[in-house]
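1. Got a sequence here, can you model it:
(one chain, ligands or ions: 2)
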Amino acid sequence: MSNDRNLEVKREVPGEYGAPILGAVLDRLDRFYGKNFFEKRRDEYGSTVFRVNMPPGPPFFPDSKVIALLDQKSFPVLFDLTKVSKKDVFTGTYVPSTGFTGGYRVLPYLGQEEPKHAQLKSYCMDILSSNHDRWIPELRAAAAAGYAEWDAERNKPKKSGGLLGGIIALRFLTKTVLDKDATEGNALTETGIKLWTAPQIAPVLNAGLPAVIQEPLLHTAPIPFIIVAPEYQKIVRFFKANGERAVSLAVPHGIDPDEALHNLIFFICFNTFGGLTILWPALFKHVSDFNEFDLQAELREEVRRAVGGGGLDAAALGGMPLLQSTVYEVLRIEPPVQSQYGRAKVDFVLETHVEAFKIKAGEMLYGYQPLVTRDPVVFEEPEKFKPRRFMGEEGQRLLEHVFWSNGPETGSPSVDNKQCPGKNFVVLVTRILFADFFLHYDSFKLGDVSISGTSSVYPCTELKKRA
Ligand code: HEM
Ligand SMILES: CCCCC[C@@H](/C=C/C=C\CCCCCCCC(=O)O)OO
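-> Ligands and ions are numbered 1, 2, ... in the order given. Now for the predicted structure:
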């Protein structure tokens, strides 16, 4: 953010990093096992910008000193590439071994200024756009197969099974991009993909396990790729055998086929599958827990009225303002990826709502998004889940303050920024899935999350088919 109100710099950024190594270890333990890690420091320093150590940190990970940003005014500096570099900050202050990605630095780790960034981002956007007329029918077919499995399962005595395991996501993604459903014969499985994904982000993930297990195994030193190499080889074999059309899209962008293959795998298995298996359960859980008015009745009536006798397509979605607003409210109150980083590339003045600070080149900035998208200066009753929040004129205007895709919801991903190229795709397929669900079911109820980690499985305790 430019220093657009010329606020005077009155003090240094508050906060301290503690003793070498020990300070980082104590902050890491507090982040994972303490409470109100950010809120208590914000209140103690009287500032939404302050110095703190983020996980994982020394001795076996790089320096993890950051300046935390917790408000809507300072956080967007992370989108300003004249001020910060996004090179090698995708997972935070450390970078997983390129062993996990075939020896390549895949797109999310590249700074916007690196030549390959534009080539690979254009390739990623081509993968999405070249399949534009297949995403919806393939998603609906995958969902229909999912419903059949749920209905069969519901007749069984056990009440197990998540309403939204990643089976639907894995099926529609591989069927569309690779023309082959990876779930057939368990060629690829949700577990296998998670086994490959988890070690890459384990150092920053709170898997909900006791400290005595998590600290030594997950948070102290990198997990060597060799442990999950067999899983990755299975994924590589499947993408190699079925990915010719998808890899060929990289040729016009001057990308070597092998590098394209490993980026393709990352886009589909980490970026998309990983992101959707966080977002979709969260959407259903928030709707299940909502009890101010009969939201599910209003949603199913809105969906069925908008679809009428026609088909469920992007046009029909236009007649579902409540459903769209509900999806945006989930993306606001529970952004699927909480952490975004950026390294200052020049000295500059950073503003919060109330004061200004001097930032020095080289310092690592860290935005904790869940507090930013609950900033009371911007959102009324920010802690409340309000499905109608983004409806109407006023609601649409608020979208510029929704940052889940590492940019404003009103922004556009491009080769000139680091905003998620999947931004519009994610909102479209999530609205389609949710609408499709209400064409088949009247209502549902979810129990509490049974496992945590990168995505959650919520037991479905009630599922009423369409009358
Ligand atoms: C719910 C699903 C998703 C979520 C929550 C999500 C979130 C994000 C976030 C927060 C970033 C910025 C990371 C950073 O700070 O550098 C990002 C970047 C990225 N995402 Fe996504 N994303 C999702 C889906 C997708 C999809 C569908 C694709 C592609 C098919 C994708 C591909 C990428 C790529 C390639 C980048 C790096 C962008 C660049 O280098 O300019 N993501 N995503
Ligand atoms: C398994 C993760 C799936 C998300 C994929 C998505 C965006 C990824 C962005 C950064 C990767 C780091 C994810 C850390 C998740 C846990 C901690 C947090 O929440 O801070 O790709 O576009």
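
2. Phi and psi next, for the residue of the stretch 1-150 of the chain found nearest ligand 1.
-> The stretch 1-150 of the chain approaches ligand 1 most closely through P108 (3.9 Å), counting by Cβ to the nearest ligand atom. The way it works is simple: take the backbone N, C-alpha and C, and place the C-beta from them, glycine included. Per-residue torsions, P108: phi -60, psi -20 (degrees, to the nearest 10).

3. burial measure for it, as a count.
-> 24 (other Cβ atoms under 10 Å).

4. close enough to count as contact, it and V89?
-> No - using Cβ atoms under 8 Å as the test, P108 is too far from V89 to be in contact (9.4 Å).

5. re earlier: which residue packs closest to the residue of the stretch 1-150 of the chain closest to ligand 1, ignoring adjacent ones?
-> In space, and not counting its chain neighbours, P108 is closest to F90: 4.2 Å by Cβ to Cβ, 6 or more residues apart in numbering.

6. And for K10?
-> E355 (6.3 Å).

7. give me every residue that touches the one you found.
-> Going by Cβ atoms under 8 Å, 6 or more residues apart in numbering, E355 touches 7, 10-11, 47.

8. and the closest residue to ligand 2 within the stretch 51-200 of the chain, which of the three is it?
-> Closest residue of the stretch 51-200 of the chain to ligand 2, Cβ to the nearest ligand atom: T91 (4.8 Å). Using DSSP: H, G, I helix; E, B strand; the rest coil as the criterion, the local structure at T91 reads coil.

9. Next up, phi/psi of the residue nearest to K10, please.
-> According to degrees, to the nearest 10, E355 has phi -150, psi 180.

10. per-residue confidence for it?
-> We have a pLDDT of 96 for E355.

11. How about A24?
-> Taking A24 on its own, its pLDDT is 98.

12. Could you do L170 as well?
-> 95.

13. For my notes, confirm it occurs in a helix.
-> Yes - the assignment for L170 is a helix, going by three-state DSSP.

14. Quick check: the gap between it and K180.
-> 12 Å (Cβ to Cβ, to the nearest Å).

15. now P76
-> 41 Å.

16. Between these two, tell me which one has more neighbours.
-> Legend: neighbour count by other Cβ under 10 Å for P76 and K180, higher for P76 (18 against 15).

17. Phi, psi for the more buried one please.
-> Dihedral angles (degrees, to the nearest 10) for P76: phi -60, psi -10.

18. quick check, E231 in a strand?
-> No - E231: not assigned to a strand; according to three-state DSSP it is helix.

19. Show the contacting residues for it.
-> E231 neighbours (Cβ under 8 Å, 6+ apart): 192-193, 195-196.

20. Most neighbours among the residues you listed, please name it.
-> I193 (25 neighbours).

21. the helices in the stretch 1-150 of the chain, which residues?
-> Along the stretch 1-150 of the chain, counting by DSSP state H, counting those that start in this stretch, helices occupy 22-33, 37-45, 115-130, 135-154.

22. would a markdown table of those helices with distance to E400 and mean neighbour count be doable?
-> What follows is the helices of the stretch 1-150 of the chain, written out as a markdown table (distance: least, Cβ to Cβ, whole Å; neighbours: other Cβ atoms under 10 Å):
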| stretch | distance to E400 | mean neighbour count |
| --- | --- | --- |
| helix 22-33 | 30 | 18 |
| helix 37-45 | 23 | 15 |
| helix 115-130 | 22 | 19 |
| helix 135-154 | 26 | 17 |
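
23. what does the stretch 251-400 of the chain have sitting close to ligand 1?
-> 267, 271-272, 275-276, 279, 336-337, 340 (Cβ under 6 Å from any ligand atom).

24. top of the contacts of E355 by neighbour count?
-> Counting by other Cβ under 10 Å, top hit in the contacts of E355: S47 with 21 neighbours.

25. what pLDDT does that residue get?
-> With respect to pLDDT, S47 scores 98.

26. before we move on, what about K156?
-> 60.

27. and what of I167?
-> At I167, pLDDT is 88.

28. Repeat that for G447.
-> The model's pLDDT for G447 equals 85.

29. since we're on it, how many residues are nearby?
-> Using other Cβ under 10 Å, G447 has 15 other residues around it.

30. That one reaches D289, doesn't it?
-> No - contact between G447 and D289 fails when scored by Cβ under 8 Å: they sit 10.8 Å apart.

31. Now do the same contact list for the closest residue to ligand 1 within the stretch 351-467 of the chain.
-> Ligand 1 sits closest to G422 of the stretch 351-467 of the chain, with a gap of 2.2 Å, by Cβ to the nearest ligand atom. Contacts for G422 (Cβ under 8 Å, 6+ apart) come out as 124, 128, 267, 271-272, 275, 405, 413.

32. For the residue lying closest to P96 once chain neighbours are set aside, pull up the helix or strand it's in.
-> Nearest residue to P96 in three dimensions, chain neighbours excluded: Q200, at 4.2 Å (Cβ to Cβ, 6+ apart). Element membership for Q200 (DSSP states H and E) is helix 190-201.

33. Look at stretch 369-382 and report the distance between its end residues.
-> 13 Å (Cα to Cα, to the nearest Å).

34. List the buried residues of it.
-> 369, 371-375, 378-379, 382 (16 or more other Cβ atoms under 10 Å).

35. any idea how far the nearest residue in space to A211 that is not next to it in sequence is from V212?
-> Nearest residue to A211, sequence neighbours excluded (Cβ to Cβ, 6+ apart): Y33, at 5.6 Å. Separation of Y33 from V212 (Cβ to Cβ): 11 Å.

36. Flag every buried residue along the helix or strand just after the helix holding Q200.
-> Next helix or strand after helix 190-201 toward the C-terminus (DSSP H and E): helix 211-214. Buried residues in helix 211-214, counted by 16+ other Cβ under 10 Å: Q214.

37. Quick one: mean pLDDT over stretch 410-417.
-> On average, stretch 410-417 scores 98.

38. What residues does the stretch 201-350 of the chain have near ligand 2?
-> Going by Cβ under 6 Å from any ligand atom, the residues of the stretch 201-350 of the chain near ligand 2 are 201, 204-205, 270-271, 274-275, 278, 337-339.

39. can you tell me which of those residues lies nearest to ligand 1?
-> G275 (2.3 Å).

40. roughly how far apart are the closest one and R140?
-> For G275, the distance to R140 - Cβ to Cβ - is 20 Å.

41. Tell me which residues touch P56, please.
-> By Cβ under 8 Å, 6+ apart, the neighbours of P56 are 28, 64, 92-94, 203-204, 219-220.

42. if you set the cut-off to 10 Å instead, what comes out?
-> For P56, the contacting residues are 24-25, 28, 31, 62, 64, 91-94, 202-204, 218-222, by Cβ atoms under 10 Å, 6 or more residues apart in numbering.

43. Quick check: buried residues in stretch 177-187?
-> Buried residues in stretch 177-187 (16+ other Cβ under 10 Å): 177-178, 181-183, 187.
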